[in-house]
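[1] kindly return the folded structure for what I paste below:
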Amino acid sequence: MNQEPEPSHEQLSEEERAAAFASALSPAQRSAALRAGRTPVPPKFILWVMAAFVVLGGGGALLEHYFGNVGQPSATTTTRFTPPSTPTTLAGVPLTSTLASFMGLKEIAHAQAATFTLTDQHRRSWSLNDQRGHVVVLTFENVNCNDVCPVLSNELRQARDLLGARAHQIEFVIVNADPTHFAFTPNPTALRVAHLGDAASVYFLTGPLLQLNAVWINYGVSVKVGSIATQVAHNDIMYFIDPAGHLRAQAVPFANEDSHGVFTLSASDVHRFAIGVARTASSLVK
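    So this is what the prediction gives:
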């Protein structure tokens, strides 16, 4: 059973949290599917989903992800991220306003990050509570890497390399965002694609669907399944959590999506985003 975080005067209000999360919606996230609108869900599919969640103990909170239908993706649209026009730069981070804008970087508060415990790629338990003293860069990808993952994983690898000696003080954490593939997977594609599988302080986390759903809700990740169960979309967001466990900043990962739903980004843009990640994370090291 998920436990509510202890009340704290440092927590964001509902209005502040909604405002922070709303800004995380990436225009690069399957906009073709979103523009296609809602599509009818076959009755058999609805019955299958409901039966599955009864078996899995998913409950009503999780069903909301399935009935928020994103529809069929377009076969003709390619999307491109447009940086925010008025970025807010995290205090003390040596970033130019141009780089902060490119990343969609903004300071969000010193609210306590919602804790969670999931299983990493080595089948070990990983808990946010255990990371005190380390900076955590937290983001979300599908285990099979059929979302922005090919780009984002490469950005994380490059950011880790750029950190040099400080890399051991920073944890790069990817939480599974695919409700159709949530079982433990050793060396998942999301890590293999950028050779992150054996990298120290890099984790791909998954777990029971109810636990994943709680993390998605707490971190403003909207996961949608289309009229076909394998048709999954989610918004893209990255958080920077300081050594005391406080949310300090968020950024918006992005990429170009082609007509086949494949995400790419130029090598120069990947490296540029990685520089921003490395500098932001490094600025939070005590």
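[2] which parts of this structure are helices?
    With helices called from DSSP state H, the chain shows them at 14-22, 31-35, 43-56, 59-67, 97-103, 149-163, 189-192, 209-218, 267-283.
[3] does anything pack onto the fifth one? Which helices or strands?
    The helices and strands touching helix 97-103, judged by 3 or more CB pairs under 8 Å, 6 or more residues apart in numbering; DSSP states H and E, are helix 267-283. Yep, even glycine has a C-beta here, placed from its N, CA and C like the rest.
[4] list the buried ones in the helix it packs on?
    Neighbour counts using 16 or more other CB atoms under 10 Å place 269-270, 272-283 of helix 267-283 among the buried residues.
[5] could you give me the average pLDDT of it?
    Mean pLDDT, computed over helix 267-283, is 96.
[6] give me the angle between it and helix 149-163.
    With axes from the mean of the first three to the mean of the last three CA atoms, to 10 degrees as the criterion, the two stretches helix 267-283 and helix 149-163 enclose an angle of 50 degrees.
[7] can you give me the strands in the stretch 101-250 of the chain?
    Along the stretch 101-250 of the chain, counting by DSSP state E, counting those that start in this stretch, strands occupy 106-107, 117-119, 125-127, 135-141, 170-176, 202-205, 223-225, 232-234, 238-241, 247-251.
[8] list the strands paired with the last one, with their directions.
    Partner strands and pairing direction for strand 247-251 (DSSP bridges) are strand 106-107 (antiparallel), strand 238-241 (antiparallel).
[9] ok, the fourth one next?
    Paired neighbours of strand 135-141 in the sheet (DSSP bridges): strand 170-176 (parallel), strand 238-241 (antiparallel).
[10] could you do the third one as well?
    Using DSSP bridges, strand 125-127 pairs in its sheet with strand 117-119 (antiparallel).
[11] average pLDDT for the partner strand, rounded please.
    Confidence for strand 117-119, expressed as mean pLDDT, is 98.
[12] now it: buried residues?
    Residues of strand 117-119 classed as buried under the neighbour-count rule (16+ other CB under 10 Å) are Leu118, Thr119.
[13] which residue packs closest to Ala274, ignoring adjacent ones?
    Gln158 (3.6 Å; CB to CB, 6 or more residues apart in numbering).
[14] show me what contacts that neighbour?
    Contacts were defined as CB atoms under 8 Å, 6 or more residues apart in numbering; by that measure Gln158 touches Val270, His271, Ala274, Ala278.
[15] contacts only, for the third one.
    Contact analysis of Ala274 by CB under 8 Å, 6+ apart lists Asn154, Glu155, Leu156, Arg157, Gln158, Ala159, Leu162.
[16] how far away is the second one from Pro208?
    Separation of Glu155 from Pro208 (CB to CB, to the nearest Å): 29 Å.
[17] these two: who's more crowded?
    Ranked by neighbour count (other CB atoms under 10 Å), Glu155 and Pro208 place Glu155 first, with 27 against 15.
[18] the contacts of Gln158 into TSV, with extra columns for distance to Ser125?
    Formatted as TSV, these follow (distance: CB to CB, whole Å):
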residue	distance to Ser125
Val270	32
His271	34
Ala274	29
Ala278	28
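[19] quick one: which of the residues you listed is nearest His168?
    Nearest to His168 out of these is Ala278 (CB to CB; 13.7 Å).
[20] separation between that closest one and Leu212?
    If you go by CB to CB, the gap between Ala278 and Leu212 works out to 28 Å.
[21] before we move on, what about Gly104?
    Here the criterion is CB to CB. By it, Gly104 lies 24 Å from Leu212.
[22] quick one: buried residues of stretch 155-165?
    Buried residues in stretch 155-165, counted by 16+ other CB under 10 Å: Glu155, Leu156, Arg157, Gln158, Ala159, Arg160, Leu162, Leu163.
[23] and the average pLDDT for it is what?
    Confidence over stretch 155-165 (mean pLDDT, whole number) is 95.
[24] repeat for stretch 98-109
    In this model, stretch 98-109 has an average pLDDT of 92.
[25] again with stretch 217-231
    For stretch 217-231, mean pLDDT is 81.
[26] quick one: least confident helix or strand in the chain?
    Across the helices and strands of the chain, mean pLDDT, DSSP states H and E gives its lowest value to helix 59-67, namely a mean of 40.
[27] sorry, back to before: TSV for the buried residues of helix 267-283, including distance to Thr115?
    As requested, the buried residues of helix 267-283 are arranged in TSV below (distance: CB to CB, whole Å):
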residue	distance to Thr115
Asp269	33
Val270	31
Arg272	32
Phe273	27
Ala274	27
Ile275	30
Gly276	26
Val277	23
Ala278	25
Arg279	26
Thr280	22
Ala281	20
Ser282	24
Ser283	23
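[28] appreciated, that's everything.
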